[in-house]
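Colleague: Quick one, what's the 3D model for this:
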Amino acid sequence: MTGRKAIGSPPCPAARYHAAMAGGILLFGGTFDPIHHGHLIVARAVAERLGAARVVLIPASRPPHKPDALASPENRLAMVRLAISGEDLFEASDVEIRRQGPSYTRDTVGQFRAEHGGDAGLLWLIGADMLPDLPSWHCVEEVLDLAQVVIALRPPWDERIERVFAGLTGRLGDGRVARLRQKVVRTPLIDISSTDIRRRAAAGRSVRFLVPGPVADYIARHRLYENPLDA
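Modeller: As a prediction, this is how the structure comes out:
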């Protein structure tokens with residue numbers, strides 16, 4: 001869920017955000033098709049490093065930057081809730097599933113800002129691999145002003161990130177790139193992908209230990225990702 005521009009995208013209203021980040025809320029959006037241990041380990045590592053009070057996982061309904069998810073929004077939300085059951089740090093949000101239209105990051109961050117007020121510390125987590133595409137996001141300047149974007153850094157992007165920042169300066173401006181540099185967090189390298197999990201499920205292979213046990217049970221019970229053409 002990165003909120004790329006689309007034909008007919010609404011104009012961006014002006015917004016500014018200047019707030020302290022201590023004890024903030026870490027927002028983590030994604031397709032989560034399905035959610036897996038890599039998502040959870042990275043989110044916890046970033047939250048602990050930054051002292052975030054909460055991690056909110058936000059499944060996208062209609063991600064504008066990639067093909068439609070294979071599992072329905074309702075199934076993906078259910079799997080997120082199962083994955084974090086009993087974890088006080090985490091919660092799931094259906095804000096994008098309830099909203100009509102593409103799942104733009106700007107709209108989601110704007111809603112959280114409206115709900116929590118101008119002084120709340122909002123952090124939006126992205127992977128370093130998403131950084132080069134940041135200028136193509138819908139209303140990206142407003143996203144960067146409404147929340148502090150946090151970059152989860154892992155190899156090989158640790159060797160490329162300075163070049164990426166240099167390329168972003170002319171497109172986003174010195175001030176916004178300087179803010180991006182402030183929140184780069186090295187995270188564990190967890191080689192798990194939702195694509196591989198879907199392929200394993202389609203091939204009839206176990207996905208246990210790649211996803212939380214209740215998520216594996218849900219995938220099997222609802223026969224998700226069984227069609228090899230979909231995986």
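Colleague: sec struct for the residue of the chain most remote from its centre, please.
Modeller: When distances to the mean C-alpha position of the chain are computed (CA atoms, centre = their mean), the maximum falls on residue 204, with 28.2 Å. Taking DSSP: H, G, I helix; E, B strand; the rest coil as the rule, one finds residue 204 in the coil state.
Colleague: same question, residue 135
Modeller: Using three-state DSSP, the three-state assignment for residue 135 comes out as helix.
Colleague: most centrally placed residue in the chain?
Modeller: residue 29 (2.8 Å).
Colleague: That residue contacts residue 103, correct?
Modeller: Yes - Residue 29 lies in contact with residue 103 (CB atoms under 8 Å); the separation is 7.4 Å. Every residue, glycine included, has its C-beta placed from N, CA and C.
Colleague: Looks to me like residue 185 is in a strand.
Modeller: Yes - if the criterion is three-state DSSP, then residue 185 is within a strand.
Colleague: pLDDT weak spots in the protein?
Modeller: Regions of the chain meeting the criterion pLDDT under 70 cover residues 1-22, 228-231.
Colleague: residue ranges for the helices of it, please.
Modeller: Counting by DSSP state H, one finds helices in the chain at the ranges 37-50, 73-83, 95-98, 105-116, 140-146, 161-172, 174-182, 194-202, 213-221.
Colleague: would you turn the ones you listed into TSV with mean neighbour count and distance to residue 152?
Modeller: Formatted as TSV, those follow (neighbours: other CB atoms under 10 Å; distance: least, CB to CB, whole Å):
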stretch	mean neighbour count	distance to residue 152
helix 37-50	18	5
helix 73-83	21	18
helix 95-98	17	20
helix 105-116	19	15
helix 140-146	22	17
helix 161-172	14	11
helix 174-182	15	13
helix 194-202	19	16
helix 213-221	17	21
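Colleague: Mind putting these into JSON lines with distance to residue 62?
Modeller: Output for the helices of the chain, formatted as JSON lines (distance: least, CB to CB, whole Å):
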{"stretch": "helix 37-50", "distance to residue 62": "20"}
{"stretch": "helix 73-83", "distance to residue 62": "8"}
{"stretch": "helix 95-98", "distance to residue 62": "8"}
{"stretch": "helix 105-116", "distance to residue 62": "12"}
{"stretch": "helix 140-146", "distance to residue 62": "17"}
{"stretch": "helix 161-172", "distance to residue 62": "25"}
{"stretch": "helix 174-182", "distance to residue 62": "26"}
{"stretch": "helix 194-202", "distance to residue 62": "17"}
{"stretch": "helix 213-221", "distance to residue 62": "22"}
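Colleague: With respect to residue 25, which of these lies nearest?
Modeller: When these are ranked by distance to residue 25, counting by CB to CB, first place goes to helix 105-116 at 7.0 Å.
Colleague: residues in contact with residue 197?
Modeller: With contacts defined as CB atoms under 8 Å, 6 or more residues apart in numbering, residue 197 is in contact with 34, 36, 207, 210-211, 225.
Colleague: Distance check, the closest residue to residue 110 other than its chain neighbours against residue 116.
Modeller: Nearest non-adjacent residue to residue 110, counting by CB to CB, 6 or more residues apart in numbering: residue 146, 6.1 Å away. Counting by CB to CB, to the nearest Å, the gap from residue 146 to residue 116 is 11 Å.
Colleague: okay, and the common contacts of those two?
Modeller: With the criterion set as CB under 8 Å, 6+ apart, the overlap between the contacts of residue 146 and residue 116 is residue 122.
Colleague: need the contact list for the residue nearest to the centre of the chain.
Modeller: For residue 29, the set of contacting residues under the criterion of CB under 8 Å, 6+ apart consists of 1, 57-60, 96, 103, 105, 108, 124.
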